[in-house]
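1. Only the shape, not the letters, is given here:
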């Protein structure tokens, strides 16, 4: 999906401040205290057109000034797109009323959806501009908490007549007619599952603490992802459902992000939601305060530990759930993303649920969702309730996912899936 700019906007762009590109980095003219790194992995993954629009939005929106006269902010953009000669790390700033794009470093062609490359770029950014406060925006395709390759090639467990269990491909799905309209972090190359980055790898590769991490990528608004990042940032902004290829409205979200606090991240989330509500399409967005997640985990563990289970560890209440009634945030049969509080209300006592909701409200600083999730004018699913984050629901048919889920900090803390 392309953004459509009004004639007025296009004409106005012709009269914006002149810009120039510099391939030789200019030595820092002063000290910065705040930086935002927009990390865009869009090589061979259908996002080239949308990313070009994002870059134009960045140019048209708020860009910090030269580091003099009290300016202390730095905007950095790492861009890996098939429309570019090579991946680059650039600084965007205004000097003498003109936009300057300073190329800090050029990289060889590389898998920008790998943890190693992300860590390298982050360290490079910090070496150019050491700061006290930092934000990170990750823009690419995304498949939530799932293991590499599973979203595009799901499997399920099947019990044979002799009692043996084996994996087989999940029932075939028709070709997704809206594949190029969504950003479903990690599908650096849509034909190469090895190019995906798993959440635990992402978390492990982050060398610094962030004031916020924002995902401009699909399905990253899950309790598994947000909890895994609890020690890496103060706030996480993400979407439980898929994000359209339009992504963030970068011309308006960068400025509030630079506040580096709850108010700023919440303002950015509200801008995102308002944009998609206005164009009448689908959107979910939330902001969670990571320091409040420990209590959410404690109250959740009280629920899961009280459930009766069979000899294989399957909770009877979960196994017997009417899954078609639980709020989901997925299409194409990818039923790995359900509303967390909808699940918990169904398996907890009223007292347990009330305590959990109280903790949840302290952690969730903002949430918004459109009544329907639409693509191409077609309603893919309705959103009747939205707590802010999705969750996996354990299922014996997905033994591979259950086993993979055991490695997440969230599951270790709450015990939904047991060995």
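-> Thanks, I have it. What you see is a predicted model; the values in this text were computed from it and never measured.

2. so who does residue 387 touch?
-> Residue 387 is in contact with 339, 340, 341, 342, 360, 364, 367, counting by CB atoms under 8 Å, 6 or more residues apart in numbering. Every residue, glycine included, has its C-beta placed from N, CA and C.

3. hmm, try it at 6 Å
-> When contacts are counted by CB atoms under 6 Å, 6 or more residues apart in numbering, residue 387 touches 339, 340, 341.

4. just residue 269 next, same as before
-> Each residue near residue 269 by CB under 6 Å, 6+ apart is listed here: 237, 285, 287, 366.

5. Can I get the buried part of the residues you listed as one ChimeraX selection?
-> Listed next is the ChimeraX selection for buried residues among the contacts of residue 269, using 16 or more other CB atoms under 10 Å:
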select :237,285,287,366
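
6. Select from the contacts of residue 269 every entry located in strands.
-> 237, 285, 287, 366 (DSSP state E).

7. Tell me, please, where in this protein the pLDDT is lower than the cut-off.
-> For the chain, the stretches flagged by pLDDT under 70 are 1-29, 44-45, 156-174, 184-194.

8. For whichever helix or strand residue 381 is part of, which strands pair with it and how are they oriented?
-> Here residue 381 sits within strand 378-382, counting by DSSP states H and E. Using DSSP bridges, the strands paired with strand 378-382 are strand 372-375 (antiparallel).

9. Show me which residues of the strand holding residue 381 are buried.
-> By 16+ other CB under 10 Å, the buried positions in strand 378-382 come out as residue 380.

10. Centre of the chain to the following helix or strand past that strand, how far?
-> Next helix or strand after strand 378-382 toward the C-terminus (DSSP H and E): strand 390-391. Chain-centre distance of strand 390-391: 13 Å, with CA atoms, centre = their mean, to the nearest Å.

11. can you offset everything so residue one is 29?
-> In the new numbering, first residue 29, that becomes strand 418-419.

12. before we move on, back to that, filter the contacts of residue 415 down to just the ones in strands.
-> Short answer: the contacts of residue 415 in strands (DSSP E) are residue 367.

13. Let's have the contacts of residue 415 in a markdown table, adding distance to residue 419 and neighbour count.
-> Shown next, in a markdown table, are these (distance: CB to CB, whole Å; neighbours: other CB atoms under 10 Å):
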| residue | distance to residue 419 | neighbour count |
| --- | --- | --- |
| 367 | 8 | 24 |
| 368 | 4 | 24 |
| 369 | 9 | 21 |
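
14. what does the strand holding residue 409 contact?
-> Here strand 406-410 makes contact (CB under 6 Å, 6+ apart) with 359, 400, 401.

15. OK, contacts around the first one?
-> Residue 359 makes contact with residue 408 under the criterion CB under 6 Å, 6+ apart.

16. In the stretch 79-228 of the chain, what residue spans correspond to strands?
-> Ranges of strands within the stretch 79-228 of the chain are 101-109, 116-123, 126-134, 161-167, 183-187, 193-197, based on DSSP state E, counting those that start in this stretch.

17. ok and the second one relative to strand 126-134, angle-wise?
-> Between the axis of strand 116-123 and that of strand 126-134 there is an angle of 160 degrees, by axes from the mean of the first three to the mean of the last three CA atoms, to 10 degrees.

18. Could you check how far strand 116-123 is from the centre of its chain?
-> 24 Å.

19. and that strand, what other elements does it pack with?
-> Secondary-structure packing of strand 116-123 (3 or more CB pairs under 6 Å, 6 or more residues apart in numbering; DSSP states H and E): strand 101-109, strand 126-134.

20. Format these as a markdown table; extra columns: mean neighbour count.
-> Putting these into a markdown table (neighbours: other CB atoms under 10 Å) gives the following:
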| stretch | mean neighbour count |
| --- | --- |
| strand 101-109 | 24 |
| strand 126-134 | 17 |
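
21. Between the ones you listed, which one is closest to residue 442.
-> Ranking the helices and strands packed on strand 116-123 by proximity to residue 442 (CB to CB) places strand 101-109 first, at 34.5 Å.

22. Show me what that closest one pairs with in its sheet, parallel or antiparallel.
-> Neighbouring strands of strand 101-109 in its sheet, by DSSP bridges, are strand 62-70 (parallel), strand 116-123 (antiparallel).

23. And for the longest one, what's in contact with it?
-> For strand 62-70, the surrounding residues in contact (CB under 6 Å, 6+ apart) are 76, 79, 100-109, 140-141, 153, 157, 159, 161-168, 216, 285, 288.

24. need the helices for the stretch 129-278 of the chain, in chain order.
-> For the stretch 129-278 of the chain, helices defined by DSSP state H, counting those that start in this stretch occupy the ranges 143-156, 227-233, 251-256, 278-285.

25. just the angle between the first one and strand 101-109, please?
-> Relative orientation of helix 143-156 with respect to strand 101-109: 150 degrees, computed using the same axes, to 10 degrees.

26. and helix 143-156, what does it pack onto?
-> For helix 143-156, the packing partners by 3+ CB pairs under 6 Å, 6+ apart are helix 227-233.

27. do that again at 8 Å, thanks
-> With contacts taken as 3 or more CB pairs under 8 Å, 6 or more residues apart in numbering; DSSP states H and E, helix 143-156 sits against strand 62-70, strand 101-109, strand 116-123, strand 126-134, helix 227-233.

28. now these in JSON lines, with distance to residue 423?
-> Output for the helices and strands packed on helix 143-156, formatted as JSON lines (distance: least, CB to CB, whole Å):
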{"stretch": "strand 62-70", "distance to residue 423": "31"}
{"stretch": "strand 101-109", "distance to residue 423": "36"}
{"stretch": "strand 116-123", "distance to residue 423": "42"}
{"stretch": "strand 126-134", "distance to residue 423": "45"}
{"stretch": "helix 227-233", "distance to residue 423": "19"}
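
29. if we can go back for a sec, between the helices and strands packed on strand 116-123, which gets nearest to residue 414?
-> Per CB to CB, nearest to residue 414 of those: strand 101-109, 31.1 Å.

30. can I get the contacts of residue 297 in JSON lines with distance to residue 323?
-> Below are those laid out as JSON lines (distance: CB to CB, whole Å):
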{"residue": "265", "distance to residue 323": "21"}
{"residue": "313", "distance to residue 323": "23"}
{"residue": "315", "distance to residue 323": "17"}
{"residue": "394", "distance to residue 323": "18"}
